[in-house]
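no sequence on hand, only this structure:
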């Protein structure tokens with residue numbers, strides 16, 4: 001199983017970015033995909049999650065209204081659209097996959113990708 005993130009980069013406050021998470025070796029439609037971020041000196045935060053079973057989504061309060069998650073099951077790719085970015089969104093972003101079972105852990109993780117928002 002492999003998850004590969006792409007789309008990170010450096011941009012200014014107020015800009016937009018779309019991250020992609022391409023999965024392979026995984027029954028994509030039978031998993032939930034979560035996006036996490038980890039900034040230096042802060043705890044890892046789950047910012048969004050989507051169930052590829054029924055489409056249910058979750059957003060952390062810190063990104064609600066600015067970020068949007070969606071999946072293309074045929075392409076085995078999940079996306080995180082990030083709008084109105086702020087310097088506090090600067091972090092390494094990871095995608096992860098868990099089975100569609102309540103309480104299931106995230107078994108698979110991508111390598112992470114840097115997003116830097118300058119003020």
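Arrived safely. Not measured: the values here are computed from a predicted model.

in this protein, which residue is closest to the centre?
Centre of the chain computed as the mean C-alpha position; nearest residue by CA atoms, centre = their mean is residue 35, 2.4 Å away.

which residues touch it?
19, 21, 46-49, 69, 78, 80, 93-96 (CB atoms under 8 Å, 6 or more residues apart in numbering). From N, CA and C alone the C-beta is placed, and that goes for glycine too.

same question, residue 109
Going by CB under 8 Å, 6+ apart, the list of residues near residue 109 reads 3, 94-96.

same question for residue 110.
The neighbourhood of residue 110, defined by CB under 8 Å, 6+ apart, consists of 3-5, 21, 94-96.

farthest pair within these?
Of all pairs drawn from the contacts of residue 110, the one with the largest separation by CB to CB is 4 and 96; the distance is 12.3 Å.

do a quick rundown of the helices in this structure.
Per DSSP state H, the chain has no helices. Nothing in it meets that criterion.

okay, strands next: where are they in the protein?
Counting by DSSP state E, the segments of the chain that form strands are 2-6, 9-12, 17-24, 31-38, 45-51, 57-59, 67-72, 77-82, 91-99, 106-109, 113-118.
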